[in-house]
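Undergrad: Got a predicted model here, sequence first, then my questions.
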Amino acid sequence: MDFLGATAVAVDWELAERVWTRAGLAFAQYARRRRKHGPRTIPRRLVADFVVGSHVLEVGALITGDADFFRRNFPDLHVIAV
C-alpha cells in the first residue's frame, strides 16, 4: 500500500461485471483459435491476462512488454510497447 501511495498508482479493487464478461468472451475466442491448430493445442494464456486487457479498456492505456498479445486479443486497446 505504501508503494501504491508513493507512486500514485490507483487500484480498482472492484471490477464491473462487463469487465469479467468481456474477459471471458475474449478468452473463449482465444481458446477457439488455439484449438483450430489441433486437438492437443491447449490455451497457454491465463484468464488473468484477459481480465487485465478487459479492465484496461475501461481505464485507458496499457504499458506492456507483450504488446502483440494484447493488440491481437483487444484490438481497441491503447497499447504502449516497451
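TA: Looks like it arrived, so ask away.
Undergrad: For the top helix by length along the chain, enumerate the helices and strands it packs against.
TA: Counting by DSSP state H, the longest helix found in the chain is helix 17-35. In terms of contacts (3 or more Cβ pairs under 8 Å, 6 or more residues apart in numbering; DSSP states H and E), helix 17-35 is packed against helix 47-59, helix 67-73. Bear in mind the C-beta positions are built from the backbone N, C-alpha and C, glycine included.
Undergrad: Just want the angle from that helix to helix 47-59.
TA: Interaxial angle of helix 17-35 relative to helix 47-59 (axes from the mean of the first three to the mean of the last three Cα atoms, to 10 degrees): 130 degrees.
Undergrad: mind listing what the residue nearest the centre of the chain touches?
TA: Nearest to the mean C-alpha position of the chain, by Cα atoms, centre = their mean, lies Gly53 at 2.3 Å. For Gly53, the contact set (Cβ atoms under 8 Å, 6 or more residues apart in numbering) comprises 23, 26, 62, 70, 73-74, 77.
Undergrad: quick one: which of those residues is most hemmed in?
TA: Ala23 (23 neighbours; other Cβ atoms under 10 Å).
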